[in-house]
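Enquirer: compute the structure for the input listed below.
(one chain, ligands or ions: 1)
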Amino acid sequence: MIAVGVIGITVVYSGLWAKLTSHAGSAFVSKEMAAADSEALGEDGADEVVQSVDMVAQITPVSKARKSNSTISKNKDYSSFDKSAWNLLLVNKQHPIPEDYSYTLGSISGNMKCDERIIEPLNDMINAANEEGIYLKVCSPYRDLNRQEYLFKKKMKQYLNTGKSFIDAYREASSVVTVPGASEHEIGLSLDIVSTSHQTLDEKFGETDAGQWLMNNAYKFGFILRYPKGKEDITGIIYEPWHYRYVGREAAEIIYEEKITLEEFIEKL
Ligand SMILES: [Zn+2]
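Expert: Below you'll find the model as predicted:
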């Protein structure tokens, strides 16, 4: 998992229809980039995850949950954080990717890409884990909008085929596969990470040595467990022990220590 170099592709969002352009402003990103994630490893919304869907079908609206769930210490100094910083960009169902958001993709290895600014901390984290005998494996990093749409439609179809109404199918699909245009994978700051000995995106990963190592160490490199257990009513997403998001070391440390989500952190800024 060593970076093999950085390519100069800038991703520019324009509404729901993301335009992918090079620095020169003309070339389109090839399909192979969209296929960077591995089908065999599953996606957010893999079949193993779907079994948990009933648990989150009754999601509390985020605004309501926030009011009753604020556990952040009032003594923390949040004044040094800039809400508009790229690493703190909040993307979820209520906060789609801003139309003018742009960044440059870099190469993790092979066809796997992410925001070039997080490659160094990612490699540092992978190397630190290696030194402790933990062999992390990145799967499904950056996804383009078409890939996200494909995954979402596939999930919708599954639910519609079981006789659910469109609204029910949409609600359930959006809790296991992020709504296109609202996925952190599209901004290149999120990675699904497993290990060489556990390559399935399921809850059991959280109990493995690698899952535990990530939970206790990722913050040191600026990454947070983005969808923790017990916070489903705030994130709107089921527990995903494999999904890590880069927010920078300072923010990650607070989020880790306070046991909060990015939503709760941002609320304080
Ligand atoms: Zn993910």
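
Enquirer: start to end distance for stretch 223-232?
Expert: Stretch 223-232 has an end-to-end distance of 19 Å (Cα to Cα, to the nearest Å).

Enquirer: do the same with stretch 79-99
Expert: 27 Å.

Enquirer: what does that stretch rub up against?
Expert: By Cβ atoms under 8 Å, 6 or more residues apart in numbering, the surrounding residues in contact with stretch 79-99 are 13-16, 18, 62, 101, 103, 115, 117, 174, 178-179, 181-184, 186-187, 189, 222, 235-237, 246-248, 250-251, 262-263, 265-266, 269. Just so you know, the C-beta spots here come from the backbone N, C-alpha and C atoms, and that holds for glycine as well.

Enquirer: and Ser197, its phi and psi?
Expert: Geometry field for Ser197 lists phi and psi as phi -100, psi -10, criterion degrees, to the nearest 10.

Enquirer: correction: Lys229
Expert: Given degrees, to the nearest 10, the pair of backbone angles that Lys229 has is phi -70, psi 140.

Enquirer: what's the burial count for it?
Expert: By the measure other Cβ atoms under 10 Å, the count of residues near Lys229 is 12.

Enquirer: which residue is the nearest non-sequential neighbour of the most centrally placed residue in the chain?
Expert: Using Cα atoms, centre = their mean, the residue of the chain that lies closest to the mean C-alpha position is Ser190, 3.9 Å off. Spatial nearest neighbour of Ser190, chain neighbours left out: Glu184 (3.8 Å); criterion: Cβ to Cβ, 6 or more residues apart in numbering.

Enquirer: burial count for the one you found?
Expert: As a burial measure, Glu184 scores 26 neighbours (other Cβ under 10 Å).

Enquirer: do Asn123 as well
Expert: Per other Cβ under 10 Å, the neighbour tally for Asn123 reads 16.

Enquirer: which stretches in the stretch 51-200 of the chain count as helices?
Expert: With DSSP state H, counting those that start in this stretch as the criterion, the stretch 51-200 of the chain has helices at 53-56, 62-68, 119-131, 145-161, 166-176.

Enquirer: now those helices as TSV including mean pLDDT and distance to the ion?
Expert: Formatted as TSV, the helices of the stretch 51-200 of the chain follow (pLDDT from 0 to 100; distance: least, Cβ to the ion, whole Å):
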stretch	mean pLDDT	distance to the ion
helix 53-56	26	15
helix 62-68	40	19
helix 119-131	98	14
helix 145-161	92	11
helix 166-176	92	11
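
Enquirer: now the strands for the chain?
Expert: With DSSP state E, the ranges of strands along the chain come out as 9-12, 19-22, 102-109, 112-115, 136-139, 190-195, 223-225, 243-246.

Enquirer: and the longest one, what's buried?
Expert: By 16 or more other Cβ atoms under 10 Å, the buried positions in strand 102-109 come out as 103-108.

Enquirer: just checking, what packs against that strand?
Expert: Applying 3 or more Cβ pairs under 8 Å, 6 or more residues apart in numbering; DSSP states H and E, one finds that strand 102-109 makes contact with strand 9-12, strand 112-115, helix 119-131.

Enquirer: tell me the most buried of the ones you listed?
Expert: When the helices and strands packed on strand 102-109 are scored by mean count of other Cβ atoms under 10 Å, the highest mean neighbour count falls to strand 112-115 (a mean of 22).

Enquirer: quickly run through the sheet partners of that strand, with directions.
Expert: For strand 112-115, the paired strands and their directions (DSSP bridges) read strand 102-109 (antiparallel).

Enquirer: would you mind writing the CA trace of the partner strand as PDB?
Expert: Backbone C-alpha positions of strand 102-109 (Å, rounded to 0.1, in the frame of the first residue of the first chain) are rendered in PDB as follows:
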ATOM      1  CA  SER A 102     -13.000  20.500  -6.300                       C
ATOM      2  CA  TYR A 103      -9.900  18.500  -5.300                       C
ATOM      3  CA  THR A 104      -7.100  16.600  -6.900                       C
ATOM      4  CA  LEU A 105      -7.000  12.800  -7.000                       C
ATOM      5  CA  GLY A 106      -3.900  10.900  -6.200                       C
ATOM      6  CA  SER A 107      -3.100   7.200  -6.500                       C
ATOM      7  CA  ILE A 108      -3.000   5.000  -3.500                       C
ATOM      8  CA  SER A 109      -1.900   1.900  -5.500                       C
END
